[in-house]
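In: how would this look folded up:
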Amino acid sequence: MVLTDSDWVRVPEIEYPLASRRLKEEGTVIVRALIDTRGTPKQVALQRSSGHARLDQAALRAAMGARVKPRTENGVPFEFWIAMPLAFELE
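Out: Numbering: from 1, shown residues only. Just a heads-up that it's a prediction; the model follows:
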């Protein structure tokens with residue numbers, strides 16, 4: 001499932017690892033997350049690596065802090081999977 005800006009209650013807050021900044025590591029991590037009935041990530045896993053383990057781990061931590069609007073069908077909340085692309089780009 002692809003989320004739009006209006007689906008986020010709290011976007012993932014990415015902390016760029018200091019060592020990755022020094023080494024000028026950049027990349028996009030795609031995190032696959034199972035969202036529970038309250039909109040909280042219940043499970044996260046790498047769907048696509050950035051190629052840098054530190055960035056991948058930072059993305060997984062950030063994904064766990066995200067919150068999305070819960071989904072319902074006929075008024076009943078249900079769990080669903082999403083893909084979260086998280087970009088690490090140096091300015």
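In: ok, residues contacting stretch 44-63?
Out: Residues outside stretch 44-63 that contact it (C-beta atoms under 8 Å, 6 or more residues apart in numbering): 12-17, 19-20, 25-34, 41, 64, 83-84, 86, 88. Quick note: C-beta positions are derived from backbone N, CA and C, even for glycine.
In: Swap in 7 Å and give it another go.
Out: Contacting residues not belonging to stretch 44-63 are listed as 12-17, 19-20, 25, 27-33, 41, 64, 83-84, 86, 88 [C-beta atoms under 7 Å, 6 or more residues apart in numbering].
In: Which positions within that stretch qualify as buried?
Out: Within stretch 44-63, the residues that count as buried by 16 or more other C-beta atoms under 10 Å are 44, 50, 52, 54, 55, 56, 58, 59, 60, 62, 63.
In: May I see these organised as a markdown table, with pLDDT and distance to residue 72 added?
Out: Supplementary listing: the buried residues of stretch 44-63 in a markdown table, determined by pLDDT from 0 to 100; distance: C-beta to C-beta, whole Å:
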| residue | pLDDT | distance to residue 72 |
| --- | --- | --- |
| 44 | 98 | 22 |
| 50 | 98 | 34 |
| 52 | 98 | 38 |
| 54 | 98 | 37 |
| 55 | 98 | 34 |
| 56 | 98 | 32 |
| 58 | 98 | 32 |
| 59 | 98 | 28 |
| 60 | 98 | 27 |
| 62 | 98 | 26 |
| 63 | 97 | 22 |
